[in-house]
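Participant: The sequence and its predicted three-dimensional model are supplied below.
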Amino acid sequence: MQFQELHLREEILRAIQERGYDEPTPIQAKAIPAVLEGRDVIGSAQTGTGKTAAFALPSLHRLKRHSHTRCLVLTPTRELACQIEENFAYYGKYLDLKLGLIYGGVGYGAQRQAIQEGADVLICTPGRLLDHLSQKSLKLDRVEILILDEVDRMLDMGFIEDVRRIIRQCGKNRQTLFFSATMPDTIRSLADWAVSDPVEVSIDIRVSPAETVDHALYPVDAMVKFDLLVHILKKIQNESTIIFFQTKAGADRIAKWLQQHGNNDIAVMHSNLNQRERAKALQDFKDGNISTLIATDIASRGLDVRGVQHVINYDVPQHSEDYVHRIGRTGRAKTEGDAYTLFSPDQMDKVQAIETLIEQEIPRRVIEDFNYRIPPMTDIPGKPKASQQRRGLMGRGGKFGRPRR
Ligand code: AMP
């Protein structure tokens, strides 16, 4: 299918062409016609599938030209809000529309101004939007398109009641586009309540890693885990890398240590930092000013940073689904990436939970030229198939035993 066949406005097609997209991704091919027809949509798609354009392109098409706030996007984090705004701005650059960003941690002035100017699309996190609503600086009764993005994440973050309150304030005749990576019962009942006669677009529920990510487990004793990380970073040199930590304190500790040892090519991103610091860390990473981002799971969902070559999980993620989200930061939109998970034998139950979720065994590998001191246990329960193990232990070429393709 070609974008031309979707009957989007010429101004939008021009922007898509400039962005370099050849053809719609599967979720775009399915969702865009439904949205253009004015239908409600419930969508679930794997990370990196082009979900943002799937809702942004047809919404922009329907809005046409500047009038008043008619499209509301709700998303869990400020980073996602900024990213969605960038997408709307790019795809809509030849249209006469105004955009506004509403999120916490920053002043109210610019946001009030965007509201007063009648930004056609408001992209918001729930808490700050509710502040504006309670201050009566904004009404939602004329919203025509309501987009709920990453609803399961909003549930995890405790926003679900806020989301309900916001939905209640939107006009009844609106079109609702509801996106969630997973559909547990709570989300399903919220969806059923929020949408009407929806088209369901389920591309690939987000439980399998993208095929373009080469991921493996690196067993290591807790005692030498940090040394192994340093060893890997030396090999990676300046290639773009995100290192995930379970805790903010862990992320800070390692960042500090690396900085003390002369590695200033890093930035830290977690929720104890203020919005300005978080935005700067992300921007520096996106711009390539720094090569390594040290982050907690705040960065694991949905963030679209081009060209991330490596993801390193310093800890096995607490929630199995976060494994898929974390490694989804690389290998996005058909590019290839590597994901390395360091784990000690006491984290085996978490590894097994991940393998059950993704319905595949993750290859165990060792790094040939690292001095483990205590030999790593590669044959612990849930062990990989003999072929995978053999390949890992013997190395597969490339930096970490990965074949060069
Ligand atoms: P998303 O799933 O919305 O976060 O998008 C993931 C990445 O895919 C982003 O870098 C988009 O710019 C890119 N993308 C979206 N649609 C297309 C397309 N039709 N062709 C190629 N890349 C795309």
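Facilitator: That came through, no problem. Numbers count the residues shown, from 1 in each chain.
Participant: Any idea how many residues pack against Arg19?
Facilitator: 12 (other C-beta atoms under 10 Å). The way it works is simple: take the backbone N, C-alpha and C, and place the C-beta from them, glycine included.
Participant: Does the closest residue to it other than its chain neighbours lie in a helix or a strand, and which?
Facilitator: Spatial nearest neighbour of Arg19, excluding adjacent residues (C-beta to C-beta, 6 or more residues apart in numbering): Tyr90 at 6.3 Å. Assigned by DSSP states H and E, Tyr90 belongs to helix 78-91.
Participant: And that helix, what does it pack against?
Facilitator: Under the contact criterion of 3 or more C-beta pairs under 8 Å, 6 or more residues apart in numbering; DSSP states H and E, helix 78-91 touches helix 10-19, helix 51-63, strand 99-102, strand 121-124, helix 275-287.
Participant: picking up where we left off before, isn't the residue nearest to Arg19 right next to Gln17, touching?
Facilitator: No - here Tyr90 does not reach Gln17: they are 11.8 Å apart, not a contact under C-beta atoms under 8 Å.
Participant: what's near enough to touch the closest residue to Tyr314 other than its chain neighbours?
Facilitator: Leaving aside its chain neighbours, Tyr314 sits nearest to Phe245 (5.2 Å; criterion: C-beta to C-beta, 6+ apart). Applying C-beta atoms under 8 Å, 6 or more residues apart in numbering to Phe245 gives the contacts Ala251, Ile254, Ile294, Ala295, Thr296, Tyr314, Asp315.
Participant: Backbone dihedrals for the last one, please?
Facilitator: Here is the backbone geometry of Asp315 (degrees, to the nearest 10): phi -120, psi 150.
Participant: Could you check the pLDDT of it?
Facilitator: Note on Asp315: pLDDT of 90.
Participant: ok, it touching Ala251?
Facilitator: No - in this structure, Asp315 is not within contact of Ala251 by C-beta under 8 Å, at 10.1 Å.
Participant: More neighbours: the two, which one.
Facilitator: Neighbour count, other C-beta under 10 Å: between Asp315 and Ala251, Ala251 has more, with 22 against 17.
Participant: who's in contact with that one?
Facilitator: Ala251 neighbours (C-beta under 8 Å, 6+ apart): Ile243, Phe245, Val268, His270, Ile294, Ala295, Thr296.
Participant: can you do 6 Å?
Facilitator: Phe245, Val268, His270, Ile294, Thr296 (C-beta atoms under 6 Å, 6 or more residues apart in numbering).
Participant: what about the third one, how many residues close to it?
Facilitator: Counted with other C-beta under 10 Å, the neighbours of His270 add up to 22.
Participant: Please look at it and Lys248 and confirm they touch.
Facilitator: Yes - the pair His270 / Lys248 is scored as a contact, 4.4 Å apart, by C-beta atoms under 6 Å.
Participant: Name the residues contacting each of these two.
Facilitator: Counting by C-beta under 6 Å, 6+ apart, the shared contacts of His270 and Lys248 are Thr296.
Participant: Where do the helices of the stretch 151-300 of the chain begin and end?
Facilitator: 151-156, 160-169, 185-194, 225-236, 248-260, 275-287 (DSSP state H, counting those that start in this stretch).
Participant: which outside residues touch the first one?
Facilitator: With contact meaning C-beta under 6 Å, 6+ apart, helix 151-156 is reached by Pro76, Val163, Ser180, Ala181, Thr182, Ile187, Arg301.
Participant: redo that, cut-off 7 Å
Facilitator: Under the contact criterion C-beta atoms under 7 Å, 6 or more residues apart in numbering, helix 151-156 has outside partners 76, 126, 160, 163, 178-182, 186-187, 190, 301.
Participant: Help me see whether that helix makes contact with the ligand, please.
Facilitator: No - judged by C-beta under 6 Å from any ligand atom, helix 151-156 and the ligand are separated, with a smallest distance of 13.3 Å.
Participant: Using CSV, list the CA coordinates for that helix.
Facilitator: What follows is helix 151-156, C-alpha atoms only, in CSV (Å, rounded to 0.1, in the frame of the first residue of the first chain):
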residue,chain,number,x,y,z
VAL,A,151,-3.2,3.8,28.5
ASP,A,152,-1.7,0.8,30.3
ARG,A,153,1.2,3.0,31.3
MET,A,154,-1.1,5.6,32.6
LEU,A,155,-2.8,2.9,34.7
ASP,A,156,0.6,1.8,36.0
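Participant: tell me the mean pLDDT for it?
Facilitator: 87.
Participant: what's the spacing between that helix and its chain's center?
Facilitator: Taking C-alpha atoms, centre = their mean, to the nearest Å, one finds helix 151-156 lying 13 Å from the centre of the chain it belongs to.
Participant: can you check stretch 312-330 too?
Facilitator: 11 Å.
Participant: buried residues in that stretch?
Facilitator: Buried positions in stretch 312-330, judged by neighbour count with 16 or more other C-beta atoms under 10 Å: 312-317, 320-330.
Participant: Among those, which are located in strands?
Facilitator: Here DSSP state E is the test, and the buried residues of stretch 312-330 give Ile312, Asn313 as lying in strands.
Participant: Which ones among the buried residues of stretch 312-330 map onto helices?
Facilitator: Ser320, Glu321, Asp322, Tyr323, Val324, His325, Arg326, Ile327 (DSSP state H).
Participant: Let's have those residues in JSON lines, adding distance to Gln111 and pLDDT.
Facilitator: What follows is these, written out as JSON lines (distance: C-beta to C-beta, whole Å; pLDDT from 0 to 100):
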{"residue": "Ser320", "distance to Gln111": "37", "pLDDT": "81"}
{"residue": "Glu321", "distance to Gln111": "32", "pLDDT": "77"}
{"residue": "Asp322", "distance to Gln111": "31", "pLDDT": "81"}
{"residue": "Tyr323", "distance to Gln111": "35", "pLDDT": "86"}
{"residue": "Val324", "distance to Gln111": "33", "pLDDT": "82"}
{"residue": "His325", "distance to Gln111": "28", "pLDDT": "79"}
{"residue": "Arg326", "distance to Gln111": "31", "pLDDT": "82"}
{"residue": "Ile327", "distance to Gln111": "34", "pLDDT": "82"}
